[in-house]
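Engineer: make a model of this:
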Amino acid sequence: MDLALGRATPRRWQKLVIAVSAPSLGMSAAAISFGFTWARYFHAGGADPSAVPDIPLEQLAPGRRAWFRFTKNVVVGEYYGTGPGGRICTSMATFQPERLEEVRPLPPGVGIKDVNLPLTPILDSPETRQLRSALNGREPLPFITSWSQTLVVIGSVSRLSQEIDVAITPTGQQEPFPLSAFVRPHRQDDPLGWRSFFASVDTDAPAWEPWEHPPELIILNGARATSQWLHECRAPVVLSVLDRSAPGAEWAAQTLLQNRAHSGFDTLGPTDVSWSPPPGCELLAFGRDE
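Structural biologist: Next up is the predicted model:
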């Protein structure tokens, strides 16, 4: 389904809503999240609009918080300017200028705690070795330090976090690695990077509200997430995953049908979204052409 989503939008549809009804949620949201981030990394045709490019240090004003990658450390903190010998002074530590690899301003609405994180234990860890295998031998550091706001999943954060701890082997030839290595949800105490955002269904405001670019895909995991958040979603693709036996499933289905009726969307079939539901699942899709 991940590649199907990439083909269907945003090039073809201005807005696409897909609802999948299944006998149980299982690990649907986690699996789709992995599929999307995997396809986004290996098959994306264009640049990630939410990526934050590095900037020259000269463009960073003293007093501003920023993300720094040095030869052996990742630092998040306030920039104080340069000292004797051009040493880079931050609220966390002072570094030699030749050790600076990149600087990024922190994206709006994204919280990261101040930290000075050594890179060597991370790069030498079994998890990074597994990730290198998953990346088909590519250097893992650019991946684990990259930022992407293209995917948001709304539902039970604790459940989603448990689901992405499951280890898989997508091609059957790689060393098993957890879904979390690719999905990489944003965490305030993890300064390395992220590929997705997990938001609680009970959150007060949309995670993407202050972002410069909206997410490309929002997954609504469950009936409550669909009923409460469908009308708020500002992504070209919204995917609702429903458990038919769960309380509120019928109300969520009505919410979807009302959204289709009031938005002037066309009803779509499996061929329109290049995906056929597996046995036991039902598909409702509607979209608006460009």
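Engineer: now do the strands in the stretch 51-200 of the chain.
Structural biologist: Assigned by DSSP state E, counting those that start in this stretch, the stretch 51-200 of the chain shows strands spanning 65-70, 73-82, 88-90, 94-95, 100-105, 115-118, 151-155, 167-168, 177-178, 197-200.
Engineer: how about the helices of the stretch 151-290 of the chain, start to end?
Structural biologist: 157-163, 180-183, 223-229, 249-263 (DSSP state H, counting those that start in this stretch).
Engineer: ok, now which ones touch the residue most central in space within the chain?
Structural biologist: Centroid-nearest residue in the chain: Ser196, 1.6 Å away (criterion: CA atoms, centre = their mean). Taking CB atoms under 8 Å, 6 or more residues apart in numbering as the criterion, Ser196 is in contact with Ser33, Thr37, Ser148, Thr150, Leu151, Val152, Val153, Val183, Arg184, Pro185, His186. The way it works is simple: take the backbone N, C-alpha and C, and place the C-beta from them, glycine included.
Engineer: any weak-confidence spans in the stretch 51-200 of the chain?
Structural biologist: 170-174 (pLDDT under 70).
Engineer: quick revisit: who wins for neighbours among the contacts of Ser196?
Structural biologist: Ser33 (31 neighbours; other CB atoms under 10 Å).
Engineer: now do the SS call for that residue.
Structural biologist: helix (DSSP: H, G, I helix; E, B strand; the rest coil).
Engineer: if you skip the residues just before and after it, what's nearest to it?
Structural biologist: Val183 (4.9 Å; CB to CB, 6 or more residues apart in numbering).
Engineer: pull the contacting residues for that neighbour.
Structural biologist: Ala30, Ser33, Phe34, Thr37, Leu151, Ile164, Arg195, Ser196.
Engineer: ok, now Pro277?
Structural biologist: Applying CB under 8 Å, 6+ apart, the residues contacting Pro277 are Val20, Pro270, Leu283.
Engineer: do you know how far the closest residue in space to the last one that isn't next to it in sequence is from Ser180?
Structural biologist: Nearest-residue entry for Leu283: Pro277, 4.5 Å, with adjacent residues in sequence omitted and distances by CB to CB, 6+ apart. In this view, Pro277 and Ser180 are 26 Å apart by CB to CB, to the nearest Å.
Engineer: cool, and Gly85?
Structural biologist: Taking CB to CB, one finds Gly85 at 41 Å from Ser180.
Engineer: which one's more surrounded, these two?
Structural biologist: Ser180 (21 against 7).
Engineer: pretty sure that one sits against Glu163.
Structural biologist: No. Ser180 is beyond contact range of Glu163, at 9.2 Å (criterion: CB atoms under 8 Å).
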